[in-house]
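[1] I'd like to go over a predicted model; first the sequence, then the structure.
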Amino acid sequence: MLLKLLIGEAGSGKTTQIHKAFLQRAMESVSQRTILIVPEQITLLEQKRLIADHPGKGLMGADVLSFHRLAHRVLAEKGEKDLVILDEVGKSMLLYRLAQELAPQMVYYGGSVHSQGFLQRLKSLFGEMSQYEVTQEDLEKAAESAAEGSSLKMKLQDLCLIRQHYDEELLKYGEISEKLLDRLVKAIPESDFLKDAHIYVDDFYGFTPQQMQVLNGLIHRAAQVTISLTLPEQEARQVDKTREDEKGDLFDTSRKTLSMLLDTARATRVPVQPLYTHYDRKDCLSHTAREFFKIPPKAWLGEKNNIELYAATGCREEVRRMFEKIVYLVREKGYEYRQIGVALGDIAAYQGLIRQYAEEFNIPIFMDETSNVMAHPFVRMIRSLLQMLRSRCSYDTLFSFLKSGFTPFSREQLDTLDNLALERGWRDLTGRPRP
């Protein structure tokens, strides 16, 4: 039972050290489990990296899991393989039905149940309440303490109503994924899968109260738990002396996480071993990263400066300058397009210009953005086809289907047909003119 804290700034080698320790432990002992816990979205990427670095190009007795996948593994060990977990679609369908049934009883949100995005926000809110252990009783107390007749009180009363019925319905249809970690906490003390395991936790910025309870259980069940935290050594050593004016700064979340871990270890008398990592690189970019949030920052005195600042008069000039620089790097410096990345503060404000200039400069791009599935041409074509059948080929649905891009007609032919329909006032297959 040992808690190791690997502490250092971003880019100081924490992940590299964890990967080396993970692989070394996995090769030394197959009988004792070696587990790496990372965020859900990068589990596959971490597996690929570790397999590529392993001399045998495979992992035996070692796992790369997220908190939720770890819960499934431990609960399956207890015989709960058939546990029904409602996915996002299931939760949306359940909330939609409840919102329809309870709308007449709701004071504030009764007219909003049909608004776009309402159910999505409601589902996210209930999910966060579960993660941060906000119970129905907490919600009811907040509603009672709110000022009488205020909009806050009416909102909380409606949320209490929906949450109560939502929890009752979940008992019939299954469990939500946010409750999995509560089950995991109860199962950890009896788990053979986790007994005397070596566990590494990496790439987390902070932990929810549920995850902190899981970590507390793992620390007592496993032989060793190593957790990486992004925090300068000086900040980490003074974590118990945090001043009021430091709250809300860049490392506030990491500092709170470290403080909670240390308090948990002290309360249960778990030995703690802090390890600190430091920058090996001494270039202009690393110097800027270290000094960026310091007041006053130290100036870079080295010879080579790899950072350029450019003041543009507008977004269009900024994007054009960026593509000109990309062309220069590829043609003159030998870079490949896949080696170049662009970081944006607001993708929505730049994506149109980026696509325009990418086509103009003939540069392939990939934009990391979430697109609405309803805007996909194939989905639009299917929806238009179904609506066309229901409306007897109305003008709007027919031309929405024809212009989806999945018909054998050219744009010129469709424009001609569209003009003819407008000229003659076609409405649908009945031949009645459009109003």
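    Noted; the coordinates are in hand.

[2] Quick check: chain neighbours aside, which residue is closest to Leu5?
    Leaving aside its sequence neighbours, Leu5 sits nearest to Pro274 (CB to CB, 6 or more residues apart in numbering; 4.8 Å). (Each C-beta comes from the backbone N, C-alpha and C, glycine too.)

[3] would you say that neighbour is within a helix?
    No - with DSSP: H, G, I helix; E, B strand; the rest coil as the criterion, Pro274 is strand rather than part of a helix.

[4] What are the neighbouring residues in contact with it?
    The neighbours of Pro274, taking CB atoms under 8 Å, 6 or more residues apart in numbering as the test, are 4-5, 7, 236.

[5] What segments of the stretch 201-350 of the chain are strands?
    224-230, 272-276 (DSSP state E, counting those that start in this stretch).

[6] winner for burial among those strands?
    Mean neighbour count (mean count of other CB atoms under 10 Å) peaks for strand 224-230 among the strands of the stretch 201-350 of the chain, with a mean of 22.

[7] Paired strands for it, with orientation please.
    With DSSP bridges as the test, strand 224-230 is paired with strand 3-8 (parallel), strand 198-201 (parallel).

[8] Give me the contacts around the longest one.
    Right, strand 3-8. 14, 17-18, 219, 224-233, 236, 258, 261, 265, 270-278.

[9] Now do Arg290, the pLDDT please.
    At Arg290, the model reports a pLDDT of 75.

[10] list the contacts for it?
    Counting by CB under 8 Å, 6+ apart, Arg290 has contacts 9, 279.

[11] hang on, the earlier thing: so for Arg355, which of the strands of the stretch 201-350 of the chain sits nearest?
    strand 224-230 (33.8 Å; CB to CB).

[12] Mean confidence (pLDDT) on that closest one, please.
    The average pLDDT within strand 224-230 is 94.

[13] Next, the angle strand 272-276 makes with it.
    Counting by axes from the mean of the first three to the mean of the last three CA atoms, to 10 degrees, strand 224-230 lies at 40 degrees to strand 272-276.

[14] gap between strand 224-230 and the chain center?
    21 Å (CA atoms, centre = their mean, to the nearest Å).

[15] List the contacts of that strand.
    With CB under 8 Å, 6+ apart, strand 224-230 has contacts from 1-10, 14-15, 18, 21, 198-205, 215, 218-219, 236, 251, 254, 257-258, 261.

[16] ok, the helix-or-strand element of the chain with minimal mean pLDDT: who's next to it in the sheet?
    Lowest by mean pLDDT, DSSP states H and E among the helices and strands of the chain is strand 175-176, with a mean of 74. Neighbouring strands of strand 175-176 in its sheet, by DSSP bridges, are strand 85-86 (parallel).

[17] Kindly export the next helix or strand after the strand it pairs with (C-alpha atoms) in PDB.
    As assigned by DSSP states H and E, the chain's next helix or strand after strand 85-86 is helix 88-102. Output of helix 88-102 as PDB, limited to C-alpha atoms (Å, rounded to 0.1, in the frame of the first residue of the first chain):
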ATOM      1  CA  GLU A  88     -26.800   8.300 -24.200                       C
ATOM      2  CA  VAL A  89     -29.700   7.500 -26.600                       C
ATOM      3  CA  GLY A  90     -31.600   5.600 -23.900                       C
ATOM      4  CA  LYS A  91     -31.200   8.400 -21.400                       C
ATOM      5  CA  SER A  92     -32.500  10.900 -24.000                       C
ATOM      6  CA  MET A  93     -35.500   8.800 -24.800                       C
ATOM      7  CA  LEU A  94     -36.400   8.300 -21.200                       C
ATOM      8  CA  LEU A  95     -36.000  12.100 -20.400                       C
ATOM      9  CA  TYR A  96     -38.100  12.900 -23.500                       C
ATOM     10  CA  ARG A  97     -41.000  10.800 -22.300                       C
ATOM     11  CA  LEU A  98     -40.800  12.200 -18.800                       C
ATOM     12  CA  ALA A  99     -40.600  15.800 -20.000                       C
ATOM     13  CA  GLN A 100     -43.700  15.200 -22.200                       C
ATOM     14  CA  GLU A 101     -45.600  13.700 -19.300                       C
ATOM     15  CA  LEU A 102     -44.500  16.200 -16.600                       C
END
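
[18] Would you mind listing the buried residues in helix 88-102?
    Neighbour counts over helix 88-102 (16 or more other CB atoms under 10 Å) mark 91, 94-96, 98-99, 102 as buried.

[19] contacting residues around the residue nearest to Glu233 when sequence neighbours are not counted?
    Of all residues not flanking Glu233 in the chain, Tyr276 sits nearest, at 4.6 Å (CB to CB, 6+ apart). Neighbouring residues of Tyr276 by CB under 8 Å, 6+ apart: 7-8, 233, 236.

[20] Nearest to Gly345 among the residues you listed?
    For the contacts of Tyr276, the nearest to Gly345 is Gly8 (26.4 Å; CB to CB).

[21] Now do the helices in the stretch 51-200 of the chain.
    Counting by DSSP state H, counting those that start in this stretch, residue ranges of the helices within the stretch 51-200 of the chain are 67-77, 88-102, 118-131, 136-145, 151-173, 180-187.

[22] Can you lay out these as TSV showing mean pLDDT and distance to Gly405?
    Listed next are these as TSV, based on pLDDT from 0 to 100; distance: least, CB to CB, whole Å:
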stretch	mean pLDDT	distance to Gly405
helix 67-77	89	39
helix 88-102	88	27
helix 118-131	89	28
helix 136-145	92	48
helix 151-173	89	40
helix 180-187	89	42
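
[23] Of all the ones you listed, which one comes closest to Asn419?
    helix 118-131 (40.2 Å).

[24] what comes into contact with the closest one?
    Helix 118-131 is contacted by residues 88, 91-92, 95-96, 99, 109, 112-113, 134, 139, 159, 162-163, 166, 176, 178-179, 208-210 when judged by CB under 8 Å, 6+ apart.

[25] 6 Å - rerun?
    For helix 118-131, contacts defined as CB atoms under 6 Å, 6 or more residues apart in numbering pick out 91-92, 95-96, 112, 178, 208, 210.

[26] Now do that helix and helix 151-173, the angle between them.
    Relative orientation of helix 118-131 versus helix 151-173 (the same axes, to 10 degrees): 80 degrees.

[27] gap between helix 118-131 and the chain center?
    Chain-centre distance of helix 118-131: 14 Å, with CA atoms, centre = their mean.

[28] returning to what we had before: now distance to Ser150 too, for the buried residues of helix 88-102, in JSON lines please.
    Formatted as JSON lines, the buried residues of helix 88-102 follow (distance: CB to CB, whole Å):
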{"residue": "Lys91", "distance to Ser150": "29"}
{"residue": "Leu94", "distance to Ser150": "29"}
{"residue": "Leu95", "distance to Ser150": "25"}
{"residue": "Tyr96", "distance to Ser150": "28"}
{"residue": "Leu98", "distance to Ser150": "25"}
{"residue": "Ala99", "distance to Ser150": "23"}
{"residue": "Leu102", "distance to Ser150": "21"}
